[in-house]
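Undergrad: Here is the input, now give the coordinates:
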Amino acid sequence: MKNAVVTIKDVAKATGVSPSTVSRVIADNPRISPDTKKKVRKVMKDLGYHPNVNARNLVAKSTKAIGVVLPSSADKSLQNPFFPEVLRGIGSITHQLQYSMTLSSGGTESEIFTEVERMVYGSYVDGIILLYSRVNDRIVNFLREKDFPFVIVGKPYDHLNEITHVDNDNFTAGKDITSCLIQQGHERIAFIGGSRDLFVTMDREAGYEAALKEAGIAADKAYRIHTEFLKSGGREAVEQLLSLKVRPTGIVVTDDLMSLGVLSTLEELGVDVPADISLVSFNNVYLSEITSPSLTTVDIQIYQLGAQSAKALIEKTQTKDEPAKRIIIPHQIVHRDSVATSNGAGT
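TA: Coordinates of the predicted model:
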C-alpha cells in the first residue's frame, strides 16, 4: 500500500465509513463527530494518504495560499530582522489555518510588480499582504483595480477607509521616543529615517517634530537624514552628523538595524554611547537587546503585526463583503542603556 497511490476509497474501506464521510473529515465538516474525525485521520496517517489539494481548491475556488510582498528585493529586505519576525507572525496563522505562503523575490520594483501580476492572473494566491506602505504605489493601484483581496502592514497613502491595514500609531511612537531624550535634558536631537516616501518614516518624523515643538525646541534641518533601513545606512548618516559644526547630543533612529550601523560607526570614531551621544530606536528586534550598549527602543510588536495582517487577509478572502478594518497594534518604550542625561556640552 505504501508504494501505491492511496485514495479516499482506500481510507474509507480501512475505517468502515463511506468515501463521502472521509471527504467531509478532510474538509473538517462540523457535522462529523470528533471520534469519527480522529479515527479517519489516524488511518489517513497510517496509510500515508495526502489529500489532493489542487482538486479540493478547484472545487472550493480557493488556493489556500497567500502572497507576501516585501518593500524591496528579498535578499536586501531579509537582512533586516523586522521582516523575518513579521513573517514568523504571518506564518503562525497560515500554519494554524493550513494555508501556504508565497514570498515575492523580485530584485527590482518592476520585477516585484510582475510577480504580483502573476500571482493575481494565475490565481496562485487568494490574497496578498504588502509589508510596506508608500506614496502612490503601483501594486496597490493594481490590486484595487482588480478588486483583489489585500492587506497593508502600515498606513495606506489614500483610500484610508477602504483598505484594510495593520499598523502602529507611528506618530505617537515617534513623539514618545523623542520625549525620552527631551526628558533627559537633550535639546540637540537628530533624526535618522528611512526613505521619505515610506509612511512609517513620515509618521515617526512628524512625531519627532511634534515632541520638539511641544518642548519649545527649534527643529534643525541639518539634523535630519534619510537613508536605507540597513546597517550601511546608519553608517553614512553618522558620518554626516559628526561633520556638523555643532553635533547633536541625542539621535532618534527609526529602525534598530540602522541603529547598529550608527553604534558601530560612533564607536569606531571614538564617540561614546551614551556618554557623548544618546541613542533611541524603533522596532525592538532581538539585536537591540544584545548589542553594547543595549538600545532604548520602541517595541512595536512585530510578530503581532504579522499575525493580525494574516488573520485580516484570510477573513477578507473567505468573506467577499468583509468591511475594511484599521487594526492598531499598541507600542511601548523599552528602556535600556543607550540614553544618558545630557550635560549640554557641544563639540
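Undergrad: lowest-confidence helix or strand of this structure?
TA: Here the helix or strand of the chain ranked lowest by mean pLDDT, DSSP states H and E is helix 53-60, holding a mean of 54.
Undergrad: Heading C-terminal from that one, find the next helix or strand.
TA: Moving toward the C-terminus from helix 53-60, the next helix or strand (DSSP states H and E) is strand 65-69.
Undergrad: Give the residue farthest from the middle of the chain.
TA: For the chain, the C-alpha farthest from the mean C-alpha position belongs to residue 16; by C-alpha atoms, centre = their mean, that distance is 47.4 Å.
Undergrad: send the alpha carbons of stretch 25-42 over as PDB?
TA: The C-alpha atoms that make up stretch 25-42 are tabulated as PDB, following Å, rounded to 0.1, in the frame of the first residue of the first chain:
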ATOM      1  CA  VAL A  25     -13.400  14.800   7.500                       C
ATOM      2  CA  ILE A  26     -10.800  16.200   5.100                       C
ATOM      3  CA  ALA A  27     -12.900  19.400   4.800                       C
ATOM      4  CA  ASP A  28     -13.300  19.400   8.700                       C
ATOM      5  CA  ASN A  29     -17.100  19.400   8.400                       C
ATOM      6  CA  PRO A  30     -18.600  20.200  11.800                       C
ATOM      7  CA  ARG A  31     -21.300  17.600  11.200                       C
ATOM      8  CA  ILE A  32     -18.800  14.800  11.500                       C
ATOM      9  CA  SER A  33     -18.300  13.700  15.100                       C
ATOM     10  CA  PRO A  34     -14.800  14.200  16.800                       C
ATOM     11  CA  ASP A  35     -14.400  10.400  17.300                       C
ATOM     12  CA  THR A  36     -15.000   9.700  13.600                       C
ATOM     13  CA  LYS A  37     -12.600  12.500  12.600                       C
ATOM     14  CA  LYS A  38      -9.900  11.100  14.900                       C
ATOM     15  CA  LYS A  39     -10.400   7.500  13.600                       C
ATOM     16  CA  VAL A  40     -10.300   8.600   9.900                       C
ATOM     17  CA  ARG A  41      -7.300  10.900  10.400                       C
ATOM     18  CA  LYS A  42      -5.300   8.100  12.100                       C
END
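Undergrad: ok now that stretch, how far from the chain's centre?
TA: The chain centre lies 36 Å from the centre of stretch 25-42; the measure is C-alpha atoms, centre = their mean, to the nearest Å.
Undergrad: what are the ranges of the strands in the stretch 51-200 of the chain?
TA: For the stretch 51-200 of the chain, applying DSSP state E, counting those that start in this stretch gives strands covering 65-69, 100-103, 127-130, 150-153, 165-167, 189-193.
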